[in-house]
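[1] Build me a structure from this.
(chains A and B)
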There are 2 protein chains.
Amino acid sequence: MLEKTPETTVNDTVHPFDRATQVTAVDGRWRGTASEDYFAFVGPFGGATAATMLRAIMVQPERIGDPLSVTVNLCAPVARGTFDLTVRLMKATRSTQHWMVELLQDGEVAAFMTAVFAVRRPSWSHQSATMPEAPPFDTIKPLPDSGIANWVRQYQFRFVEGMPSYSKTPHDVPASAYSRMWLSDTTPRRIDFLSLLSMSDTFFARIFHVRGTIVPIGTVSMTTAFHADAEDLAAEDITMVLGAADANVFHKSFADQTGELWSPSGHLLATTSQTVYFKA
Amino acid sequence: MLEKTPETTVNDTVHPFDRATQVTAVDGRWRGTASEDYFAFVGPFGGATAATMLRAIMVQPERIGDPLSVTVNLCAPVARGTFDLTVRLMKATRSTQHWMVELLQDGEVAAFMTAVFAVRRPSWSHQSATMPEAPPFDTIKPLPDSGIANWVRQYQFRFVEGMPSYSKTPHDVPASAYSRMWLSDTTPRRIDFLSLLSMSDTFFARIFHVRGTIVPIGTVSMTTAFHADAEDLAAEDITMVLGAADANVFHKSFADQTGELWSPSGHLLATTSQTVYFKA
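    Numbering: from 1, shown residues only, chains lettered A, B, ... in the order given. Next up, the predicted model:
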């Protein structure tokens, strides 16, 4: 009798992103693993960590509706290996839920997330923002694999404006912090809340663009707001988004970063902002 | 012998904002009061509630540095009377701290906050954003007292663009979501982190501007990032900021709102974003 173990089946057929952000129930707690596929320099890519934490909420049987706004605080590098996730429903009303997830390693909090979920009811609808222009996805070549970090290899970046061009010496005059690119999983995967949250963290640090050189950086807190619900995302049925990112202030070792993720059909699916530590 | 009780002294000399956002230690917990002075419709103004929670972190003896990023989730209306605040240091490194505050009434969570604090070290500094134009503060008349809600009376709004003009019937065509105004406490008060956080929530709901009519709304989550530290704010020594607000999407009962708070000298002190429930 020929048998495949469940784990082998999972590893064979599951998208790298779903494998990296998988959670399993162990003794009434949830467990995840810092995936090598999405490793950065001193820990796994924050976007993958955030998506894992969001998944831990999504799988809760009492969860209703879709994420509206998610904030993740990255307190310390997540180490290689497994981590525990404690999930708590802070408060529920009839149509909204407020959740909190803590990511623990060796009993210490390495990251935590708060999230509002809601059943989004029909309403008057209006998009005041306008999609930035971009040539079609297929007409732009993806950035070649730089070999910088594993997680970068999991995405394709097709720059429309603000193509990265980093050297060893910083610019004399700061360049623009703005960039715009088509963004997709290297292995195509339908865009959902988990990938939108992860993609919120894929914009290269704005200080690299402004200074023209790579310096040590780290996201300390990121907030992503979703402007579509699960039904809207299913209707889009897309594997790429147009991402635009900018920054306002670099000061006393911290900078901000703002971002937008657009569907090819012109819907703003998510907006994001983060606070980034930098050394420069 | 003539004596004043401490409470009388406090009420006589303390600014209404400091009175409204006061916290006191009671049996190892912290307690605040939903202030009538800052009441809105179904509960106290969210900005004052947020500032009270941030103050509960600021007064902790082990707190170091200044707030970098603060997220407050407003889960349910805060009722009149007192509330308890539980304050927890989630994780500390040498120069950063991650805090969480829960606001409890009758044992239920009505709001909670997460905040990153840091000792901000000197670094390369650059403001890529440009201050929007505005005539001097003194040349613009404040909005007359509308009597809408107590909290509105605590602030003066001097509109530069997007002056509110609401009627009973909504616009046929959506108007701009953008507005810009000088903003100050009605009783002048030096701008600090607490007032910047509260002012982040003073922008009138964008849907009022876009639809031209007032509809039921409520903030569910707000994130504010600070781009100045305590030393920078002390050096500014100001009692007003220029506030600019906008929105991107109104969809399925929720909208976003973004905001900037500028010092008169042209420094971007804080940026903010929030998710707002609306009925329309």
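[2] Can I get the helix ranked longest in chain A in PDB, CA atoms only?
    For chain A, the helix that runs over the most residues, judged by DSSP state H, is helix A:46-58. In PDB, the C-alpha atoms belonging to helix A:46-58 read as follows (Å, rounded to 0.1, in the frame of the first residue of the first chain):
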ATOM      1  CA  GLY A  46       8.300  41.000   9.100                       C
ATOM      2  CA  GLY A  47       5.600  40.700   6.500                       C
ATOM      3  CA  ALA A  48       5.600  36.900   6.700                       C
ATOM      4  CA  THR A  49       5.600  37.100  10.500                       C
ATOM      5  CA  ALA A  50       2.600  39.500  10.400                       C
ATOM      6  CA  ALA A  51       0.700  37.200   8.000                       C
ATOM      7  CA  THR A  52       1.300  34.200  10.300                       C
ATOM      8  CA  MET A  53      -0.200  36.100  13.200                       C
ATOM      9  CA  LEU A  54      -3.100  37.300  11.100                       C
ATOM     10  CA  ARG A  55      -3.700  33.700  10.000                       C
ATOM     11  CA  ALA A  56      -3.900  32.700  13.600                       C
ATOM     12  CA  ILE A  57      -6.900  35.000  14.000                       C
ATOM     13  CA  MET A  58      -8.500  34.000  10.700                       C
END
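[3] and the stretch 51-200 of chain A, which residues reach chain B?
    A:68-69, A:71, A:73, A:75-76, A:90-91, A:93, A:96, A:98, A:100, A:102, A:108-110, A:112, A:114, A:116, A:118, A:120-129, A:174, A:176-177 (CB under 8 Å from any CB of the partner chain). Quick note: C-beta positions are derived from backbone N, CA and C, even for glycine.
[4] Mind doing that once more with 6 Å?
    With CB under 6 Å from any CB of the partner chain as the criterion, the stretch 51-200 of chain A meets chain B at residues A:68-69, A:71, A:73, A:75, A:90-91, A:98, A:109, A:114, A:116, A:120-121, A:123-129, A:174, A:177.
[5] Spell out the residue ranges of the strands in the stretch 51-200 of chain A.
    Counting by DSSP state E, counting those that start in this stretch, the stretch 51-200 of chain A has strands at residues A:66-74, A:81-92, A:96-105, A:108-118, A:126-127, A:155-161, A:179-185.
[6] and those strands, which is most packed in?
    strand A:66-74 (a mean of 26; mean count of other CB atoms under 10 Å in any protein chain shown).
[7] what's that strand in contact with?
    A:46, A:50, A:111-118, A:193, A:219, A:221-226, A:229-230, B:71, B:98, B:114, B:221, B:254, B:275 (CB atoms under 6 Å, 6 or more residues apart in numbering or on different chains).
[8] after the helix or strand of chain A with the lowest mean pLDDT, next one along is what?
    One helix or strand of chain A scores below all others by mean pLDDT, DSSP states H and E: helix A:6-13, with a mean of 54. Using DSSP states H and E, the helix or strand that follows helix A:6-13 towards the C-terminus is helix A:16-20.
[9] show me where pLDDT drops low in chain A?
    A:1-12 (pLDDT under 70).
[10] what residues are up against residue A:271?
    A:225, A:260.
[11] let's see 8 Å
    With contact set as CB atoms under 8 Å, 6 or more residues apart in numbering or on different chains, residue A:271 has these partners: A:224-225, A:227, A:258-261, B:248, B:256, B:258, B:273.
[12] Which residue is the nearest non-sequential neighbour of residue A:121?
    With sequence-adjacent residues excluded and distances taken as CB to CB, 6 or more residues apart in numbering or on different chains, residue A:121 is closest to residue B:253, at 4.9 Å.
[13] Count residues in the vicinity of that neighbour, would you?
    21 (other CB atoms under 10 Å in any protein chain shown).
[14] Phi and psi next, for it.
    phi 80, psi 0 (degrees, to the nearest 10).
[15] I figured it was touching residue B:275, is that so?
    No - contact criterion CB atoms under 8 Å: residue B:253 and residue B:275 do not qualify, at 10.7 Å.
[16] Check the gap between residue A:259 and residue B:269 for me.
    From residue A:259 across to residue B:269, the span is 21 Å (CB to CB, to the nearest Å).
[17] typo on my end, it should be residue A:268
    Distance from residue A:268 to residue B:269, by CB to CB: 27 Å.
[18] With neighbour numbers in mind, choose between those two.
    residue A:268 (25 against 22).
[19] any idea which of the contacts of residue A:271 is closest to residue B:34?
    residue B:273 (24.9 Å; CB to CB).
[20] The closest one: neighbour count?
    25.
[21] surely it meets residue A:260?
    No - when contacts are counted by CB under 8 Å, residue B:273 is not listed as touching residue A:260 (11.8 Å).
[22] Quick one: residues contacting residue A:53.
    By CB under 8 Å, 6+ apart, the neighbours of residue A:53 are A:72, A:85, A:101, A:103, A:111-113.
[23] what's the spacing between the residue nearest to residue A:242 when sequence neighbours are not counted and residue B:50?
    Spatially, and ignoring its direct neighbours in sequence, residue A:242 is nearest to residue A:262 (4.2 Å; CB to CB, 6+ apart). Residue A:262 is 30 Å from residue B:50, where distance means CB to CB.
[24] before we move on, what about residue A:190?
    Residue A:190 is 37 Å from residue B:50, by CB to CB.
[25] where does stretch A:53-65 sit relative to the chain's centre, distance-wise?
    17 Å (CA atoms, centre = their mean, to the nearest Å).
[26] Spatially central residue for chain A, please.
    residue A:198 (1.5 Å; CA atoms, centre = their mean).
[27] Would you agree it is in contact with residue A:47?
    Yes - counting by CB under 8 Å, residue A:198 touches residue A:47, with 3.6 Å between them.
[28] hang on, the earlier thing: ok, residue A:190 and residue B:50, which is more surrounded?
    Higher neighbour count among residue A:190 and residue B:50: residue B:50, with 28 against 13, using other CB under 10 Å.
[29] give me the beta-bridge partners of the residue lying closest to the more buried one once chain neighbours are set aside?
    Excluding the flanking residues, the one nearest residue B:50 by CB to CB, 6+ apart is residue B:72, at 4.3 Å. Counting by DSSP bridges, residue B:72 is bridged to residue B:113, residue B:222.
[30] Would you mind measuring from residue B:72 to residue B:200?
    Counting by CB to CB, the gap from residue B:72 to residue B:200 is 9 Å.
[31] okay, and the common contacts of those two?
    Common neighbours of residue B:72 and residue B:200 (CB under 8 Å, 6+ apart) are B:50, B:222.
[32] my read: residue A:46 touches residue A:224, true?
    No - applying CB under 8 Å as the test, residue A:46 and residue A:224 come out as separate, 11.6 Å apart.
[33] So for these two, which sits in the more crowded spot?
    Neighbour count, other CB under 10 Å: between residue A:46 and residue A:224, residue A:224 has more, with 30 against 24.
[34] Could you look up the SS state of that one?
    strand (DSSP: H, G, I helix; E, B strand; the rest coil).
[35] That one is in contact with residue A:200, isn't it?
    Yes - Residue A:224 lies in contact with residue A:200 (CB under 8 Å); the separation is 4.5 Å.
[36] shared neighbours of the two, which are they?
    With CB under 8 Å, 6+ apart, residue A:224 and residue A:200 have common neighbours A:270, A:272.
[37] what sits against residue A:273?
    So residue A:273 contacts A:222-223, A:256-259, B:223, B:225, B:271, B:273 (CB under 8 Å, 6+ apart).
[38] And it, which helix or strand is it part of?
    Counting by DSSP H and E, residue A:273 is found in strand A:268-278.
[39] Name the strands paired with that strand and say parallel or antiparallel.
    strand A:217-226 (antiparallel), strand A:254-262 (antiparallel).
[40] For the helix or strand following the longest one, name the packing helices and strands.
    Elements were assigned by DSSP H and E; along the chain past strand A:217-226, the next helix or strand is helix A:230-236. Under the contact criterion of 3 or more CB pairs under 8 Å, 6 or more residues apart in numbering or on different chains; DSSP states H and E, helix A:230-236 touches strand A:268-278.
[41] The strand it packs on to strand B:66-74, inter-axis angle?
    150 degrees (axes from the mean of the first three to the mean of the last three CA atoms, to 10 degrees).
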